[in-house]
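>>> Sharing a sequence plus its predicted fold:
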Amino acid sequence: MNAAVVSANYGFAEAERSAVEERTLTYIAAISEALREEMARDPNVLIMGEDVADPFGGAFKVTKGLSDEFGTRRVLNMPMAELGFIGAATGMALMGLRPVVEMQFADFISAGFDSIVQFAATNYYRWQGAVPWVIRAPSDGGLRSGPFHSQNPEAWFVHAPGLKVVAPATPADAKGLLIAAIRDNNPVIYFESKPLYRSLKGYVPPGEHVTPIGVAQTMRQGDDVTIITYGAQVHQALEAAQTLAVEGIECEVLDLRTLKPLDEEAILAAATKTGKVLIVHSANRLAGVGAEVAALIAERAFEWLDAPIARLGGLDVPIPFSPPLEDAYRPNAAKIARMARELARF
Amino acid sequence: MNAAVVSANYGFAEAERSAVEERTLTYIAAISEALREEMARDPNVLIMGEDVADPFGGAFKVTKGLSDEFGTRRVLNMPMAELGFIGAATGMALMGLRPVVEMQFADFISAGFDSIVQFAATNYYRWQGAVPWVIRAPSDGGLRSGPFHSQNPEAWFVHAPGLKVVAPATPADAKGLLIAAIRDNNPVIYFESKPLYRSLKGYVPPGEHVTPIGVAQTMRQGDDVTIITYGAQVHQALEAAQTLAVEGIECEVLDLRTLKPLDEEAILAAATKTGKVLIVHSANRLAGVGAEVAALIAERAFEWLDAPIARLGGLDVPIPFSPPLEDAYRPNAAKIARMARELARF
Amino acid sequence: MLSNEQRIELYYWMQLTRAFDDLMVATWRGGRGLGGVFSQRGHEAISIGSGYALAPEDVVAPMHRDLGCYLLRGMAPVRIFANMLGRANGVSRGRDVNLHGAGDLGLNLVGFISHLPHSLPVAVGVAMSFTYRREARVALTYVGDGSSSAGLFHESLNLASVQKAPFVLIIENNQYAYSTPLSQQMNIADIAVRAASYGIPGVVVDGNDVEAVYAATKTAVERARAGDGPSLIECKTMRMLGHAIHDGAEYVPRELLAEWEKRDPIVTYAARLVAEGVADQDELNEIAHRCAVEVADALAEAERSPFPDAATVTEGVYAP
Amino acid sequence: MLSNEQRIELYYWMQLTRAFDDLMVATWRGGRGLGGVFSQRGHEAISIGSGYALAPEDVVAPMHRDLGCYLLRGMAPVRIFANMLGRANGVSRGRDVNLHGAGDLGLNLVGFISHLPHSLPVAVGVAMSFTYRREARVALTYVGDGSSSAGLFHESLNLASVQKAPFVLIIENNQYAYSTPLSQQMNIADIAVRAASYGIPGVVVDGNDVEAVYAATKTAVERARAGDGPSLIECKTMRMLGHAIHDGAEYVPRELLAEWEKRDPIVTYAARLVAEGVADQDELNEIAHRCAVEVADALAEAERSPFPDAATVTEGVYAP
Ligand SMILES: Cc1ncc(C[n+]2csc(CCOP(=O)(O)OP(=O)(O)O)c2C)c(N)n1
Ligand SMILES: Cc1ncc(C[n+]2csc(CCOP(=O)(O)OP(=O)(O)O)c2C)c(N)n1
Ligand SMILES: [Mg+2]
Ligand SMILES: [Mg+2]
């Protein structure tokens, strides 16, 4: 067990440690903080979505307090019509506003799909009208919420030209990537992980903290097996890595953070480092983002590979509700450890 | 140049050759024939879509004559509301009818996306109500039709659990897969290739001709490089293979035909045969179906690989209109030959 | 005209729905539930009054506040509780949550998905299948006030109208869509006025009066069955608890609730049955008791039922 | 009240639109075009009459039959022809086809996508941005009779209404959606009745009368600018040629076309201007001639213009 463990403070240098203790936020609080700070900084930033205004403050309370603080002109409750209000966000964005649109659940983004992939995504390429909106999509499962409140639909958007897609795994990135997404001049889909909302705490830099879009992060270093993942599965991977470290297997864990554009350099570096790659995500494995990562490695790092590229993702079935079924459906630390162990032994 | 060329009659045995000459149909005529025969066979089969009834007979005339023959009760012109009429098709299918829904262009399937991936696809798993519809989606470009009349959106549906997805490349399969899709008790999306409609002719067996869903087809045999593809690119691949054969490079060309479920056995057999794989499709390469195929091979045929897995697809931009741009965007025989040649030399 | 027996039946079904709901709410609040559930409190007259107007061969696609309609059409309470508890004998075999996925074509019930209001076009398609096959059957579904803002409301009613489909749409206007009041969902007083956009009849009824709902639905169903096309019925009511079990609905003014409490569909119907001499209070109490026992037994059985086997997770994605 | 100069301007813009369209149709029929194009014939009074009622700071999202509106707002004909011919100096730099992608925020024009009617919610959003910033500007867009069947029609008007957005929607009811007649799209006589579903004003006007379209739009724009919310205007007209250049429209009864031919918006307006002494025929002929020269020059220049460089295909996907 000689690999440096960088997961505990998510890569912040040792010197910053004392500040770390003082600025520990939950993942969900980090999202809210990013919204509040960006709204204070830029009057063009506004929030739209179902039930987002106070006193309710959104299904998960992410926007709680924001309409009280900034007024209902800047926090707009929308009728239940995602296709329409996402299109409206595009219109607002064309005029230079920066709407942050909340999907009540990521699952419902399919209702606005047409406007996202056809209009917003293609607009700049077609006539150079920039569309600087963000859609926040509370995703992922493990919470016994069934097929329509547990989805991870990121692959659809990674395949669609013209979008950016991010998926923070830590409170720091939850804040940093949301700020980056709001300031980006393109449509960005921000997949936040519901299972991390209140269960995950971590250091979050105060104020202006921007995690650049397109840059992955090494969460743990190791020489035996590389695990490439994102979102909630980062923590399952780190847990698996810890288990395996006890067995003498050292895992490199790469958090992609941005899914479009992928940080190809970091992916290839991580893959070539160990020559053994396991790719993990909660979303359906079949034709998921992990397929693209595997294909990229098989094309560009082939000569460094010492083992088949392994993938672990959700099964190719609707996400089931009942605990034994949902647990069978989802990747977790134990399944990751099993596959990484096999790779190490290959 | 010693590899057997099986492309000319698409795999039908030499003995059937004389019949071949007599039954040559265009790709589009084969689609129409399948519709007509299935409607005659099964009163539950009906057609829905925009402008599908006579005298117009659909934007591409695929359904021309069908309402005159079978009545407008069985060929229903729909209001311009894809989400609604796809949902209605689901309702009809639940009652045991077999609607074949025409999208005017595959591009517009995103308008019905929500109902397809959320309702129809998941229904059988959730409460065992079967949804035996087919959506016909005229796809692909090269026809100077711009970003919204040239799309290849199959990857979205391959990623979604519960659907089947097919993409015929030949007149015989255009007929055989459509018949199979209509008889299948699940929602099937049938991607037909617009560029092949009238440019491609081939033998089509008369009457009852079913191409089984889930079975790929070897279109050409070769020992040097394997090209895995589907749809219109099958013909570009065969053209490239012919060019390369002159240079002494023999390509195995596999037509996937079904994209969900993938014929994993055939893919792995084709990959292991040459150890050098090029995957080609018209759709955006990034996170496309080819990524899944590459990932599958990198996982399950790794030890047989002699070269990086190469992929060629559309660029990660909206499909541009202007000829120089569209040509730069799209795969074609010359680009395939270049990449396959490089692989052969690897 | 409803017979006395029928009126007592209506009371029974509403009471069974309420008993189920009360027990469900208590169980989930007590921490013995799994996932979220939607209370039906206040909606009993709508799902029962409308469902009662249908023939068994008609098809219904109930939504998340139409528990009564499932019960009325013969779905055993144990199958519903088992579904909510993720058991193998739940309607969806552990696949789907609460009332989602509670479809059963044997009972002519179409299950719903979360995405609202996707049952609407599906039910129109069911109705179109009846036209196609020249069957004298009707399809009926429900939509909330909030969900009526979605494009499918428009696409579905328009399609039903041009196709003259034997289709009935019940709008459950319960004043709120989650936390969002009507005024932020629409700029009209009655959703029923939208019927004019499709050239179909639209009426407003008291959604807390089971007989009014029944009568309006009956008229619409008869019209549909006669081949005269779709209708729309707006039932005004109030969602008496939170959106779902976790929601305290602090955003709803207490006075509004107090006002609607006086109009409780079951309490008022009981009073009416007694006043009109259809039943005496003892009889009604006996029914309420019977319902309570019925749902308690169902819950107990559901709680004793096994979870599905993990190994079955990939089974049944595709129909054979 | 329109001045004589303004009335002649209206005539000029309609004539320019017609001249462009005639030349475009001839060029494409002659095989010198690229991709498909949509004829505007018969729609000139709608796009010009409505566009003329706007201030330059207002924003318009025209659709595929609103060429006039692009021209009126200052988009040079050469940029449009170049777009249709896939040239580097086309509005979309060769990226998009015919009038698609012809957005230019410098001219307060929002480009459209094929998927109809997606400009509708986008234009509502533009209007909402004016409310947000307290700017006295208006957003206007168009929708066809066929596209009014889509859910976005409903979602967008409802949203505009609850948000009191300064928004105007012009319905171009040209009797057909591709080959599909009105009777298969809807079961109502006037689409304008749908305004009642959103609590907003809706009027029907003669879409071949440019001054009537202007007057109705002006009223709606003033209402919107005053903060009183959206309006809907249905303009009745007829699509005089096929859906797009390849379509012979054999499915349209010839008598129907003959009837509408008599109501040609430009011919009738010319007669009116002459009859009312606003202009004499020579003056109008001179305008027509000027327009023909203008578009011919534009086409010639577009045809001389270079195609984009293939190497630029991946440029400009993302805004910097
Ligand atoms: C497309 C979609 N978006 C969002 C949601 C989340 N959601 C569930 S119920 C609901 C409110 C529905 O209100 P209403 O239609 O009035 O029905 P009610 O719950 O009041 O009976 C919302 C927004 C959803 N289910 N579907
Ligand atoms: C969502 C969608 N489905 C299908 C089409 C194909 N399509 C292009 S124009 C058209 C008819 C539109 O009719 P209408 O709105 O009346 O406009 P018009 O062409 O008559 O001016 C159709 C079906 C489309 N553009 N968008
Ligand atoms: Mg409601
Ligand atoms: Mg029209």
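Ah, there it is. Ligands and ions are numbered 1, 2, ... in the order given.
>>> Smallest distance to chain D belongs to which residue of the stretch 51-200 of chain A?
residue A:91 (2.3 Å; CB to the nearest CB). All C-beta spots, glycine's among them, are computed from the backbone N, C-alpha and C.
>>> swap in the stretch 51-200 of chain C?
Counting by CB to the nearest CB, the stretch 51-200 of chain C gets nearest to chain D through residue C:151 (1.7 Å).
>>> Show me which parts of the lengthiest helix in chain C are buried, residue by residue.
When chain C is parsed with DSSP state H, its longest helix is helix C:4-29. Residues of helix C:4-29 classed as buried by neighbour count (16 or more other CB atoms under 10 Å in any protein chain shown): C:7-25, C:27-28.
>>> returning to what we had before: can you confirm the residue of the stretch 51-200 of chain A closest to chain D is in a helix?
Yes - according to DSSP: H, G, I helix; E, B strand; the rest coil, residue A:91 belongs to a helix.
>>> quick one, what contacts it?
D:110, D:121-129, D:139 (CB atoms under 8 Å, 6 or more residues apart in numbering or on different chains).
>>> Show me where the chain has its helices.
All of this is about chain A. A:17-22, A:27-41, A:66-70, A:82-94, A:109-114, A:121-127, A:154-159, A:171-183, A:233-246, A:264-274, A:289-300, A:323-329, A:333-345.
>>> meant chain C actually
Counting by DSSP H, the helices of chain C are C:4-29, C:44-51, C:67-72, C:77-84, C:119-133, C:151-162, C:210-225, C:254-261, C:265-275, C:281-304.
>>> possible to save those helices as TSV with mean pLDDT?
Below are the helices of chain C laid out as TSV (pLDDT from 0 to 100):
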stretch	mean pLDDT
helix C:4-29	98
helix C:44-51	98
helix C:67-72	98
helix C:77-84	98
helix C:119-133	99
helix C:151-162	98
helix C:210-225	98
helix C:254-261	98
helix C:265-275	98
helix C:281-304	98
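>>> Quick one: those as a markdown table, columns for distance to residue D:291 too.
Listed next are the helices of chain C as a markdown table, based on distance: least, CB to CB, whole Å:
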| stretch | distance to residue D:291 |
| --- | --- |
| helix C:4-29 | 70 |
| helix C:44-51 | 61 |
| helix C:67-72 | 64 |
| helix C:77-84 | 69 |
| helix C:119-133 | 47 |
| helix C:151-162 | 40 |
| helix C:210-225 | 55 |
| helix C:254-261 | 63 |
| helix C:265-275 | 68 |
| helix C:281-304 | 77 |
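>>> For those, give me CSV that also has distance to ligand 4.
Formatted as CSV, these follow (distance: least, CB to the ion, whole Å):
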stretch, distance to ligand 4
helix C:4-29, 47
helix C:44-51, 37
helix C:67-72, 40
helix C:77-84, 46
helix C:119-133, 22
helix C:151-162, 15
helix C:210-225, 30
helix C:254-261, 45
helix C:265-275, 46
helix C:281-304, 54
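>>> just to revisit the earlier point, and the contacts of residue A:91 near chain A, which?
Residues of the contacts of residue A:91 in contact with chain A (CB under 8 Å from any CB of the partner chain): D:110, D:121-129, D:139.
>>> and the stretch 51-200 of chain C, which residues reach chain D?
Going by CB under 8 Å from any CB, the residues of the stretch 51-200 of chain C near chain D are C:149-155, C:158-159, C:161-162, C:183-188, C:193-194, C:196-200.
>>> Residue C:115 and residue C:80, how far apart?
According to CB to CB, to the nearest Å, residue C:115 and residue C:80 sit 21 Å apart.
>>> which residues sit in contact with residue 197?
All of this refers to chain A. The contact partners of residue A:197, taken as CB under 8 Å, 6+ apart, are A:26-28, A:60, A:138.
>>> that's the other chain; I wanted chain C
Applying CB under 8 Å, 6+ apart, the residues near residue C:197 are C:154, C:157-158, D:188, D:193-194, D:196-197.
>>> how does it look with 7 Å?
Contact analysis of residue C:197 by CB atoms under 7 Å, 6 or more residues apart in numbering or on different chains lists D:188, D:193-194, D:197.
>>> Likewise for residue A:150?
Here residue A:150 is in contact with A:140-141, A:143, A:319 (CB under 7 Å, 6+ apart).
>>> so which of the contacts of residue A:91 is the most crowded?
residue D:122 (36 neighbours; other CB atoms under 10 Å in any protein chain shown).
>>> Would you mind measuring from the closest residue to it other than its chain neighbours to ligand 1?
In this structure, residue D:122 finds its nearest non-sequential neighbour in residue A:91, 4.0 Å apart by CB to CB, 6 or more residues apart in numbering or on different chains. Plainly put, residue A:91 is 20 Å away from ligand 1 if you go by CB to the nearest ligand atom, to the nearest Å.
>>> How about the residues of the stretch 201-320 of chain C by chain A?
C:250-251, C:307-310, C:313-314, C:317 (CB under 7 Å from any CB of the partner chain).
>>> Among those, name the buried ones.
The buried subset of these - by 16+ other CB under 10 Å - is C:251, C:307-308, C:310, C:313, C:317.
>>> would you list those residues in TSV and tack on distance to residue A:204?
As requested, those are exported to TSV (distance: CB to CB, whole Å):
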residue	distance to residue A:204
C:251	30
C:307	39
C:308	40
C:310	37
C:313	37
C:317	41
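>>> In chain C, which residue sits nearest ligand 1?
Closest to ligand 1 within chain C is residue C:144: 2.0 Å, counting by CB to the nearest ligand atom.
>>> Please name the residues that touch the residue of the stretch 51-200 of chain C closest to chain D.
By CB under 7 Å, 6+ apart, the neighbours of residue C:151 are A:81, A:83-84, B:83, D:150-152, D:154-155.
>>> mind redoing it with 8 Å?
With CB under 8 Å, 6+ apart, residue C:151 has these contacts: A:81, A:83-84, B:83, D:150-155.
>>> same deal with residue C:119?
Listed by CB under 8 Å, 6+ apart, the contact partners of residue C:119 are C:61-63, C:110, C:112-113, C:141-142.
>>> Swap in 7 Å and give it another go.
Taking CB under 7 Å, 6+ apart, we find residue C:119 in contact with C:61, C:63, C:110, C:112, C:141.
>>> Double-check residue A:87 against residue D:125; I have them as touching.
Yes - with contact defined as CB atoms under 7 Å, residue A:87 reaches residue D:125; the gap is 6.5 Å.
>>> contacting residues around the closest residue to residue A:100 other than its chain neighbours?
Using CB to CB, 6+ apart and skipping residues adjacent in sequence, the residue nearest residue A:100 is residue A:134, 4.7 Å away. For residue A:134, the contact set (CB under 7 Å, 6+ apart) comprises A:100-101, A:181-182, A:188, A:190.
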